[in-house]
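Novice: Just the structure for this:
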Amino acid sequence: MTMCTSPGCQGQIEDGFCVVCGLAPVGVRPPSPTPPAPRPPVSGPWRAAARNQDRDGERTQPSYAAPHRGPGPRWSRGGTSDASSGPSSGASSGGSTRDSDGGDAAVHSHPISSGNIRPSGRSGPSSGSGTIGTSPSGSGGSGRGARRGMLGLGLLQVPLVPAHDPSDAIMTNPVVSEKNRFCGNCSERVGRSRGEQPGRTEGFCRQCGTQFSFTPKLVEGDVVGGQYQVLGCLAHGGLGWIYLARDLNVNNRWVVLKGLLNAGDAEAHKAAAAERAFLSEVEHPNIVKIINFSQHPDPRTGIPGGHIVMEYVGGKSLRELLIERRANGSAEEVLPLGQVIAYGLECLRALGYLHSRGLLYCDFKPDNVIQSEELIKLIDLGGVRRMDDTLSPVYTTPGYRVPEDELRGPGPTVSADLYSVGRALAVLSFHFSFMRQHPHSIPDRHEVPLLQRYESYDRFLRRATNIDPEARFHDAGDMADQLTGVLREVLSDLEGTPHPAASVLFGGESFTLVSGVGTHNADRMLSPPPPTESAGLLPAPLIDPSDPAAQLLRSFGGMSPAELIPTLRAAQAPSPETLLMLARALITVGRHGEALDALQQFSTAVPGDWRTMWYLAVAELSSGSFEGARGHFDELFDHLPGEVAPKLGLALACERTGDLETAARQYSTVWSTDHSYVSAAFGLARVRLAQGDRAAAIRVLDAVPELSSLYVHAQTALIAALATGATDGADHVRAGERLDRIGLDSESADRLATRVLEAALGWLRAGGAAPAGQRLLGGDFTEEGVRANLERRYRALAQRSGVTSERHELIDRANSLRPVTLL
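Specialist: Model (predicted):
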């Protein structure tokens with residue numbers, strides 16, 4: 001049998017993991033038949049071990065590590081630690097492992113280096129992460145009046161989980177399985193069977209002599225603290241037995257008592273005391289509420305044992321909901337994606353609150369999230385610890401935790417908490433071997449139909465669970481912002497209607513494609529925009545309100561780039577936002593070298609900010625470096641998977657490099673989610689026409705809302721698309737009817753009419769024949785009628801033209817079309 005290589009651990013390796021500390025041997029990777037996905041390096045880290053597997057092989061364990069405290073990267077590509085400096089302790093300090101029904105423990109600690117990059121996800125402008133992590137005073141109540149939560153954000157209806165009789169959940173035979181029995185002092189296996197003789201539930205460790213007991217200390221009828229009457233055991237968790245009781249002093253309300261699993265386990269006592277202290281500080285509607293702490297004497301020894309008294313949260317865990325769905329379907333059934341994302345957003349609110357209080361949750365998994373009616377609650381705060389805690393054990397669960405090397409150092413961080421949320425979302429939304437084949441990775445996109453369908457969700461999961469801590473989310477608010485954007489895309493696809501919302505990072509699009517272009521110039525509207533105009537289509541990042549020049553810069557909104565550049569250059573000590581605005585203005589006028597200089601200054605002032613890459617990509621697009629722009633927009637898509645702007649930039653770049661399939665996919669995602677991005681509609685129409693799908697292009701243009709300022713432009717392009725390549729007279733008639741309806745001025749109407757009539761004349765000359773009596777733009781739909789109509793329109797245009805050469809051309813064209821007459 002192979003022995004564990006972790007310092008101070010005496011365990012043995014089974015199935016690639018130590019049965020004591022739960023970690024893989026140093027230098028040996030756990031079994032993984034399927035390699036990690038190639039882009040980005042999907043996977044995740046978290047610390048814990050693997051010993052007990054009561055639930056589908058899931059195991060939880062503690063380990064020591066230094067927490068994340070300092071800033072992480074705004075734009076990370078590896079190399080900088082996510083954690084701040086702090087003391088280190090060797091793996092041997094406090095080096096006990098911990099087993100429980102939820103999991104095991106490993107002990108590690110390493111020094112932490114300060115990160116020099118600011119938190120990823122948000123640029124300068126804040127997207128309000130504070131609202132994610134805070135709640136109004138008194139919002140943590142558990143009464144019926146507080147049962148309604150924010151589940152679904154009003155975007156979708158998540159099925160309610162009705163309340164049920166708590167007594168139905170009482171265990172009939174409360175025992176701790178033998179595989180989860182370990183000495184609380186030395187971690188030696190205890191209470192195990194020998195031959196046909198079952199293992200003892202109470203006794204003494206053969207190795208160190210410490211007494212152990214795995215029997216419930218409370219039985220039905222016991223009254224704890226003279227107030228809480230026990231009804232029975234609900235479960236046995238990572239730190240002890242969990243009992244259902246009634247509060248005799250407060251209207252017989254249901255409460256939960258949480259006691260110690262092993263009264264001889266000093267670490268368990270410490271963890272329980274820590275949980276009590278943390279819970280007393282927590283007040284959030286999505287986190288279980290502590291009510292009291294009470295003691296009750298051990299029936300055998302008479303020694304008082306502590307019990308945390310918590311509110312009873314009826315309902316079902318997310319894991320139970322998943323199991324129920326599989327029981328009613330196939331073994332690979334999962335929860336609907338919209339529902340899973342709704343759960344994730346609520347959990348991020350709770351984690352954001354904990355992080356804002358300087359706390360880390362450490363053991364996030366579907367088992368620890370309960371849905372009760374419309375409310376989501378995090379339960380089991382036994383693994384919570386302070387960010388500056390470098391000594392306490394860390395309880396985590398394989399399949400959801402970060403990789404072992406990260407558990408050994410730097411240890412628990414905000415990004416590790418968020419990694420576990422990403423893992424849980426993946427487990428709930430599609431079936432894969434998350435324990436063995438993919439313990440720290442997500443399957444390749446082509447292997448999972450859901451990820452093939454929703455690219456933004458795929459990229460979101462891969463950032464959240466990236467093997468590199470620096471590439472992950474570092475703020476629950478940032479992560480929730482991006483996940484909300486993904487949810488809107490998913491619902492738009494499922495329901496067939498847009499779900500728009502203002503971005504917290506970008507302004508609206510600046511549509512310049514048709515500025516200064518007459519509505520009759522449909523050819524230009526249906527051709528890829530010039531590079532400089534392509535850059536002008538993209539939304540601009542919002543100004544950071546904390547920048548000292550923010551208010552002044554907002555007042556420059558009406559200035560042209562030519563006016564703006566000298567004004568911004570006049571600043572003696574330009575702020576970071578001033579440099580960004582200068583870079584954008586220089587890109588707009590085509591002075592790309594100077595723009596890159598300004599970006600370099602900004603990057604020096606604010607290292608790691610993703611907006612440096614954004615404007616670099618915009619500059620490349622504007623200068624015609626489409627391949628470079630594509631690569632950078634693709635990286636930005638990875639970093640901001642819920643945002644529209646990177647997808648729009650990627651689509652424009654892909655269209656110019658000839659990758660029409662990718663361009664169409666990104667344009668379609670943007671357009672189906674938010675109809676205010678009309679440039680996406682024009683882009684998608686252009687690509688569909690290039691692919692030979694004229695009908696699809698027409699459908700897209702016809703979907704531009706009538707209230708849009710670009711509605712007439714879209715209808716103009718639609719009319720041109722209808723007339724060009726029409727295969728029957730009906731298309732020409734439809735084009736004419738559209739033109740009559742959109743109400744163009746006389747000159748524009750005549751110019752577009754000549755386009756429609758010329759196409760109809762060509763169709764008639766090629767042998768086409770319209771039904772008898774059919775009319776087109778006020779004339780007969782016959783060759784003679786169309787010729788007469790065209791002659792009249794060209795003469796009208798010639799009369800309005802102020803350019804002599806153009807007037808002569810129009811008259812010549814009118815003469816050439818005059819119907820032949822016999823005198």
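
Novice: alpha carbons only for contacts and neighbour counts from here, please
Specialist: OK.

Novice: Next SSE downstream of the helix or strand bottoming out on mean pLDDT in the chain?
Specialist: Taking mean pLDDT, DSSP states H and E as the measure, helix 129-133 is the helix or strand of the chain with the lowest mean score, a mean of 37. Next helix or strand after helix 129-133 toward the C-terminus (DSSP states H and E): strand 202-204.

Novice: Pull up the pairing partners for that next one, direction included.
Specialist: Using DSSP bridges, the strands paired with strand 202-204 are strand 211-213 (antiparallel).

Novice: tell me how far the partner strand is from the chain's mean position?
Specialist: 46 Å (Cα atoms, centre = their mean, to the nearest Å).

Novice: Check stretch 383-400 too.
Specialist: 24 Å.

Novice: before we move on, what about stretch 377-387?
Specialist: With Cα atoms, centre = their mean, you get 23 Å for stretch 377-387.

Novice: Now do it, average pLDDT.
Specialist: Across stretch 377-387, the average pLDDT comes to 87.

Novice: Show me what counts as buried in that stretch.
Specialist: 377, 378, 379, 380, 381, 382, 383, 384, 385, 386, 387 (16 or more other Cα atoms under 10 Å).

Novice: Could you do stretch 758-776 as well?
Specialist: Neighbour-count burial for stretch 758-776 flags 758, 759, 760, 761, 763, 764, 770, 775, 776 (criterion: 16+ other Cα under 10 Å).

Novice: same for the helix or strand hosting residue 815, what does it pack against?
Specialist: Assigned by DSSP H and E, residue 815 falls within helix 804-817. Helix 804-817 sits against helix 783-800, with contacts defined as 3 or more Cα pairs under 8 Å, 6 or more residues apart in numbering; DSSP states H and E.

Novice: So which bits of the helix holding residue 815 are buried?
Specialist: So for helix 804-817, counting by 16+ other Cα under 10 Å, buried means 807, 810, 811, 814, 817.

Novice: how about that helix as PDB, C-alpha atoms only?
Specialist: The C-alpha coordinates for helix 804-817 follow below in PDB (Å, rounded to 0.1, in the frame of the first residue of the first chain):
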ATOM      1  CA  THR A 804     -24.200  69.300 -63.300                       C
ATOM      2  CA  SER A 805     -22.400  66.100 -64.200                       C
ATOM      3  CA  GLU A 806     -24.800  64.100 -62.000                       C
ATOM      4  CA  ARG A 807     -27.800  65.800 -63.500                       C
ATOM      5  CA  HIS A 808     -26.700  64.900 -67.000                       C
ATOM      6  CA  GLU A 809     -26.100  61.300 -66.000                       C
ATOM      7  CA  LEU A 810     -29.600  61.100 -64.500                       C
ATOM      8  CA  ILE A 811     -31.200  62.600 -67.600                       C
ATOM      9  CA  ASP A 812     -29.300  60.200 -69.900                       C
ATOM     10  CA  ARG A 813     -30.500  57.200 -67.800                       C
ATOM     11  CA  ALA A 814     -34.100  58.500 -68.000                       C
ATOM     12  CA  ASN A 815     -33.900  58.800 -71.700                       C
ATOM     13  CA  SER A 816     -32.500  55.300 -72.100                       C
ATOM     14  CA  LEU A 817     -35.400  53.900 -70.200                       C
END
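
Novice: low pLDDT regions in the stretch 101-250 of the chain?
Specialist: 101-149, 238-239 (pLDDT under 70).

Novice: can you rerun that using 50?
Specialist: Residues of the stretch 101-250 of the chain meeting the criterion pLDDT under 50: 101-124, 126-147.

Novice: And the average pLDDT for stretch 670-682 is what?
Specialist: The model assigns stretch 670-682 a mean pLDDT of 96.

Novice: Pull up the distance across that stretch, start to finish.
Specialist: Criterion Cα to Cα, to the nearest Å; first-to-last residue distance in stretch 670-682 is 12 Å.
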